[in-house]
Structures are given as structure tokens and as C-alpha cells.
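Asker: Provided below for reference: sequence and predicted model.
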Amino acid sequence: MGNQKLKTDYLVVGSGAMGMAFVDVLLSETDANIIIVDMHHKPGGHWNNAYPFVTLHQPSNFYGVSSTELSKGCKDEVGLNKGLGELASGAEVSAYFDNVMNHKFLNSGRVSYYPMCEYLGDNKFTSMTSGETFEVNVDKRTVDATYLKTSVPSTHTPNFLIANDVNFIPLNNLPTIQAPHSQYVVIGGGKTGIDACIWLLDNQVDPDKIMWIMPRDAWLLDRRNTQSTEEFFFDSIEAQAAQMEAMANASDIDNLFERLESAGVLIRIDKNVKPEMYHGATISELELAQLRRIKNVVRKGRVTHLSKNNIAFEKGEISTPDNTLFVDCSASAIREFKPLPVFDGNVITLQMIRIIQPVFSAALIAHIEAEYQNDEQKNALSQIVPAPNNANDWLTVTAANMRNQYIWSQDKSLLKWLYFNRLDGFSKMVTDISKEDSAKQAVLQRLRGNIPEGMGNLTRLISTLTPTVKAAKKE
Ligand SMILES: Cc1cc2nc3c(=O)[nH]c(=O)nc-3n(C[C@H](O)[C@H](O)[C@H](O)COP(=O)(O)OP(=O)(O)OC[C@H]3O[C@@H](n4cnc5c(N)ncnc54)[C@H](O)[C@@H]3O)c2cc1C
């Protein structure tokens with residue numbers, strides 16, 4: 001087995017959504033050469049391991065890479081996302097990244113792609129098929145596009161014990177069911193748990209045969225308010241104005257969530273249960289109505305042990321009938337991560353710099369790398385917006401997001417870049433409002449007029465957060 005020496009400007013480790021969005025902008029805005037390394041055989045990262053019925057949960061029109069449209073420019077006409085911007089399926093997302101790699105990146109002659117290769121550190125990697133090793137002389141930077149460590153059910157290890165005779169599958173295997181089960185137990189209250197429940201209901205499973213194990217209830221976002229096309233202005237921007245008013249006027253944290261809920265900004269599945277989780281998942285009204293048909297929702301904390309006819313929890317146990325199918329939805333897609341400086345000497349570590357927007361963040365980091373002079377200036381424009389986990393993280397990530405938005409708004413050329421970047425979503429929608437359109441201008445005034453009080457009061461509310469809440473456990 002040989003040892004090859006390679007030379008490049010940028011070595012990008014990871015061809016998931018973030019690595020792809022980063023390379024795309026670097027390719028457009030510099031004349032750099034780039035080597036991309038990934039352990040998968042195809043680009044798209046975790047989308048290679050996704051369940052067959054996965055879709056995006058944000059509209060396709062602002063996901064993917066900046067240069068290449070993912071959406072077909074239409075709304076869904078059928079299904080539970082009816083009337084809203086289309087959500088690409090996992091297969092569409094994978095095909096899209098494949099197409100971007102083959103027809104844009106590799107076609108440019110400036111990108112070399114090494115799939116099925118493991119990065120070993122120190123600019124070295126090895127082929128997982130041939131064993132050959134590569135040592136790269138990197139002129140500019142090594143880019144870590146693996147730091148978010150997205151976890152999905154088919155590849156993660158559950159954090160509870162499972163007896164050998166338990167019928168336990170990741171939700172990926174649901175479409176392989178050949179005969180009915182007496183009960184379906186869905187483990188996990190996040191986005192994948194929601195998807196598994198909806199898939200079962202869509203496939204004629206009686207809601208009373210579903211047991212939904214919900215260690216923590218989640219605050220969810222109304223997907224109607226995440227639409228970035230003009231026809232949804234009064235949903236998306238009005239929701240942002242209502243959010244700012246809630247932040248400005250809330251007397252305490254409970255009151256803030258009450259206001260956000262009554263304004264339609266946040267939604268919960270059961271209005272009688274206080275959510276402890278916030279991961280930024282979106283939901284449509286039709287999906288919500290479906291989920292509320294499931295009455296057997298178990299709130300006994302996390303599962304500790306599954307045996308054939310019994311589930312042990314942190315707070316109690318429940319027996320289950322023979323022929324129960326347990327469906328694992330307990331992987332937490334985006335983990336909490338320790339923020340690192342994005343730009344640090346020879347290394348760029350891709351992280352989120354806008355609230356739960358990984359691809360936008362990676363694209364903007366590439367633009368900042370291309371356009372700005374030194375790491376101090378670059379890091380000032382790239383403050384981390386952590387991934388939220390607990391409900392109260394809503395406050396801290398919203399504050400971090402607003403701080404970045406304010407910093408970017410002071411830079412005219414950056415504002416122009418945001419306006420023209422398709423991953424940005426909303427800058428264009430807001431900037432394009434005609435001065436004569438008094439109804440839309442009024443909404444904008446409500447939004448902008450409340451920013452000082454909103455930010456001030458949010459900072460005050462954050463100072464009242466207790467350390468116990470900040471350190472609460474992950475699901
Ligand atoms: C079901 C689901 C739906 C989602 N929907 C949305 C959505 O609608 N909108 C949105 O913005 N986000 C969404 N996300 C989140 C978002 O897609 C992911 O967070 C984002 O794709 C993360 O991409 P990534 O590139 O950071 O990570 P990954 O996809 O995990 O990619 C990292 C890559 O690095 C490679 N790698 C790791 N270590 C090494 C190594 N040592 N050597 C070589 N290669 C290595 C891996 O093989 C992998 O390909 C969703 C996530 C999930 C799970």
C-alpha cells in the first residue's frame with residue numbers, strides 16, 4: 001500500500017450538507033483548489049443513512065448549496081404539508097448533492113473528491129477500500145465539516161439496554177413490516193418520533209395501537225411561519241413581529257412562552273404539558289391534528305431497559321403485549337456542541353452562526369473566509385449560535401442569533417450578499433417591500449420597532465435562568 005503526497009489550498013473533511021455548502025461558495029468566490037474527503041461513498045453525509053420516508057422539515061427553497069436550486073418552485077398539493085413550500089425527500093436531497101458534486105464541483109477542475117476515505121488528523125487520510133494513505137500539503141486551511149456530528153437512528157447506539165428477544169428496529173426499517181403487530185412503541189419525542197408516528201398513521205395503523213414514549217415534550221415551530229416566498233409574508237414576517245413583541249413585553253420566562261404560544265410562534269402537541277425540549281423542528285397544522293389522535297403518550301422519563309414484555313423507565317415501568325414492535329427514534333440529530341472559534345490558524349471549524357441553519361451558516365462562513373482579511377475580523381462576523389436542546393435554550397439561541405444579525409446589518413456589502421444568497425431565506429422578502437405597501441410596512445414597523453425592548457428584555461430574562469435548567473439532561 002502506497003503513500004501519496006497531495007497538494008491543495010483547502011482540505012475539507014466531510015461532504016455532508018455543511019461541507020458541500022462551504023465548498024460551493026469557496027468555488028464561486030475564490031480561485032482556490034479544494035480536496036474533499038469523506039468516509040461515505042457519496043456526498044450528503046447523514047442523508048446517506050436516512051429513513052426511506054424522511055423529508056426536509058424546512059422548505060426546499062432555502063436548503064442545499066447557494067448556487068443550485070433544490071426546490072422545483074412549487075407548493076405541496078397533497079399530503080400533510082399541503083399548501084406549503086415543498087419538502088424535498090431524502091432521496092431527492094441525496095440525488096441533489098450527488099448532482100452538485102459531479103456536475104458543478106468536479107466539473108470545475110478545481111475540486112478533487114476522495115469518498116470512502118477516513119481522515120486521520122494532521123492532513124492525512126486513508127482509503128477504507130485500498131488502504132492507501134494520503135498526506136496533503138495544505139496551503140491555506142483545513143476545514144472540519146464534521147464537528148456537528150449529526151446522529152441518526154440507523155447509525156447511533158441507543159442509550160438504554162435492549163434484551164435479545166425484543167423486536168427493536170430503527171424507524172428506517174418500518175417499511176419492511178410484513179404483518180401487523182399488536183402494538184407499536186415509538187421511542188422518542190423529537191422530529192424522528194413525529195415522523196414515525198405520522199408514517200404509522202398514514203399506513204392505517206389504529207392510533208390506539210401506538211404507544212408514544214415521550215421523555216420530554218417539545219416546543220415546535222409552525223411550518224407556515226418558515227415559508228420564505230412573498231405570498232407567505234403575513235405568516236412569516238408577522239410571526240417574527242409577534243415574537244419580538246412577546247420578547248419585549250414578557251414579565252418572566254413562563255409568560256414569554258405563553259405569549260409565544262398565543263401568538264402562534266411556538267406550538268406544543270399537548271397543551272396540558274409543559275415542554276422541556278426545543279430542537280427547532282417544524283410542524284404543519286395537518287401533522288399536528290394527526291399526532292393528537294395518539295392518546296397513549298407515556299411520560300415516565302427516559303427508557304432504561306427494554307425486555308420482551310416490559311419497558312423500564314427512569315420513573316416506572318409498563319408491560320407490553322406479545323408481538324410488540326419497538327421503533328427507535330431516540331437519536332438526537334444535532335447534538336449540543338462546545339463552541340470553538342470558527343477561524344483558528346490553519347483550521348476552520350464549521351458551526352452554526354444562524355439559528356438551526358447549518359447550510360446557510362456554512363455558506364456564509366465560506367464567504368467570510370473569501371472576503372475578509374484576518375481571523376479576528378472573521379470570527380467577529382461568525383459568532384456561534386449553539387444548537388438548542390432544552391426549552392429555555394430558546395432564549396439564549398434567539399439572543400445569539402439577533403446579535404449576529406445586528407453585526408451583519410452594519411456591513412453593507414454583507415447585507416448585499418445576504419440579499420442575493422438563496423439560503424438566506426428572508427432578507428429578500430423584507431428588503432423588497434414597496435414603500436407604498438402600507439400593510440406590509442406596518443408589519444415591518446412592528447418588528448423593527450420592538451427590537452430594542454425585545455433584545456433588552458430577553459437579556460434580562462436570560463439573567464434569571466437557573467444553572468439547573470441550563471444543565472438539564474439531553475433526551
Ligand atoms: C432527519 C433530518 C432532517 C433534517 N432536516 C433539516 C432541514 O429541513 N433543514 C435544515 O437546515 N437541517 C435539517 N437537518 C439537519 C441538517 O441536515 C444537518 O444537521 C446537516 O445536514 C449537518 O450536516 P453536516 O454536514 O454537518 O453533517 P453530516 O451530514 O453528519 O456530514 C458529516 C460528514 O463527515 C464525514 N466524516 C466524519 N468524520 C470523518 C472522518 N474522520 N473522515 C472522513 N469523513 C468523516 C461523514 O462521513 C459525513 O459524511 C435535518 C437532519 C435530520 C437528521
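Answerer: Yep, it's here.
Asker: which bits of this protein sit near the ligand?
Answerer: Where the chain comes near the ligand, counting by Cβ under 6 Å from any ligand atom, the residues are 13-19, 37-40, 45-46, 50, 54, 56-58, 63, 118-119, 145-146, 148, 150, 152, 333-334, 357-359. All C-beta atoms are positioned from the backbone trio N, CA, C, and that covers glycine.
Asker: among those residues, which ones are in helices?
Answerer: 17-19, 358-359 (DSSP state H).
Asker: if we can go back for a sec, now the residues of the chain next to the ligand: which count as buried?
Answerer: The neighbour count (16 or more other Cβ atoms under 10 Å) marks 13-19, 37-40, 45-46, 50, 54, 56-58, 63, 119, 145-146, 148, 150, 152, 333-334, 357-359 as buried among these.
Asker: gap between the spatially most central residue of the chain and Pro207?
Answerer: In the chain, the centroid-proximal residue (Cα atoms, centre = their mean) is Ile356; its distance is 5.2 Å. According to Cβ to Cβ, to the nearest Å, Ile356 stands 29 Å off from Pro207.
Asker: pretty sure the residue nearest to the centre of the chain sits against Gly280.
Answerer: Yes. At 3.8 Å, Ile356 counts as touching Gly280 under the criterion of Cβ atoms under 8 Å.
Asker: shared neighbours of the two, anything?
Answerer: Contact criterion Cβ atoms under 8 Å, 6 or more residues apart in numbering; residues shared by Ile356 and Gly280: Pro388.
Asker: what residues does Gly189 make contact with?
Answerer: Contacts for Gly189 (Cβ under 8 Å, 6+ apart) come out as 212-218, 277, 475.
Asker: of these, which is the nearest to Val136?
Answerer: Using Cβ to Cβ, Glu475 is the member of these that lies nearest Val136, at 38.4 Å.
Asker: could you look up the SS state of the residue lying closest to Leu120 once chain neighbours are set aside?
Answerer: Nearest residue to Leu120 in three dimensions, chain neighbours excluded: Thr126, at 6.1 Å (Cβ to Cβ, 6 or more residues apart in numbering). Classification of Thr126 using DSSP: H, G, I helix; E, B strand; the rest coil returns strand.
Asker: so Thr126 bridges to which residues?
Answerer: For Thr126, the beta-bridge assignment (DSSP bridges) gives partners Glu118, Thr133.
Asker: gap between it and Gly2?
Answerer: Going from Thr126 to Gly2 by Cβ to Cβ gives 11 Å.
Asker: wait, isn't Leu414 in contact with Lys378?
Answerer: No. Between Leu414 and Lys378 there is no contact under Cβ under 8 Å: 11.9 Å.
Asker: now do the shared contacts for the two.
Answerer: Common neighbours of Leu414 and Lys378 (Cβ under 8 Å, 6+ apart) do not exist.
Asker: which single residue of the stretch 201-350 of the chain approaches the ligand most closely?
Answerer: Nearest to the ligand, among the residues of the stretch 201-350 of the chain, is Ala333, at 3.7 Å (Cβ to the nearest ligand atom).
Asker: can you pull the contacts of that residue?
Answerer: Taking Cβ under 8 Å, 6+ apart, we find Ala333 in contact with 46, 150-152, 190-192, 279.
Asker: would you turn those residues into JSON lines with pLDDT?
Answerer: Below are the contacts of Ala333 laid out as JSON lines (pLDDT from 0 to 100):
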{"residue": "His46", "pLDDT": "93"}
{"residue": "Thr150", "pLDDT": "78"}
{"residue": "Ser151", "pLDDT": "75"}
{"residue": "Val152", "pLDDT": "77"}
{"residue": "Gly190", "pLDDT": "92"}
{"residue": "Lys191", "pLDDT": "92"}
{"residue": "Thr192", "pLDDT": "93"}
{"residue": "His279", "pLDDT": "93"}
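Asker: sitting in strands, which of the residues you listed do you find?
Answerer: By the criterion of DSSP state E, membership of the contacts of Ala333 in strands covers His279.
Asker: for the contacts of Ala333, which one is nearest Ala312?
Answerer: Distance to Ala312 across the contacts of Ala333 (Cβ to Cβ) is lowest for Gly190, with 21.1 Å.
Asker: ok, the closest one - contacts?
Answerer: 218, 277, 279, 281, 329, 332-333, 475.
Asker: out of the residues you listed, which one has the weakest pLDDT?
Answerer: Ranked by pLDDT, the contacts of Gly190 bottom out at Glu475, which has 42.
Asker: per-residue pLDDT, Pro153?
Answerer: Confidence score, pLDDT, at Pro153: 76.
Asker: right, and it touches Leu171 too?
Answerer: Yes. If you go by Cβ under 8 Å, Pro153 and Leu171 touch, sitting 5.6 Å apart.
Asker: OK, now which residue of the stretch 351-475 of the chain is nearest to the ligand?
Answerer: Pro358 (4.4 Å).
Asker: skipping its backbone neighbours, what lies nearest that residue in space?
Answerer: Spatial nearest neighbour of Pro358, chain neighbours left out: Met18 (5.2 Å); criterion: Cβ to Cβ, 6+ apart.
Asker: same check, this time on Ala32
Answerer: Closest residue to Ala32 apart from its sequence neighbours, by Cβ to Cβ, 6+ apart: Asp9 at 3.9 Å.
Asker: tell me who's in contact with that neighbour.
Answerer: Contacts for Asp9 were tallied using Cβ under 8 Å, 6+ apart; they are 30, 32-34, 138-140.
Asker: looking at this, Gln405 is in a helix?
Answerer: Yes. Under three-state DSSP, Gln405 falls within a helix.
Asker: tally of neighbours for it?
Answerer: 15 (other Cβ atoms under 10 Å).
Asker: give me the domain ranges for the chain.
Answerer: 3-149+335-380, 161-217+268-328, 231-264+433-475 (automatic domain parsing).
Asker: which of the ones you listed comes out lowest on mean pLDDT?
Answerer: The minimum mean pLDDT among those belongs to domain 231-264+433-475 (a mean of 90).
Asker: that one: how far from the chain's middle?
Answerer: Between the centre of domain 231-264+433-475 and the centre of its chain there are 21 Å (Cα atoms, centre = their mean, to the nearest Å).
Asker: my read is that Tyr114 contacts His40, right?
Answerer: No. With contact defined as Cβ under 8 Å, Tyr114 and His40 do not form a contacting pair (11.1 Å).
Asker: which stretches of the stretch 151-300 of the chain form helices?
Answerer: Ranges of helices in the stretch 151-300 of the chain, per DSSP state H, counting those that start in this stretch, are 191-202, 233-249, 253-262, 285-291.
Asker: looking at these, which is buried most?
Answerer: Mean neighbours per residue, mean count of other Cβ atoms under 10 Å, is largest over the helices of the stretch 151-300 of the chain for helix 191-202, with a mean of 22.
Asker: surely Val100 meets Gly64?
Answerer: Yes. The criterion here is Cβ under 8 Å, and Val100 meets it with Gly64 at 7.4 Å.
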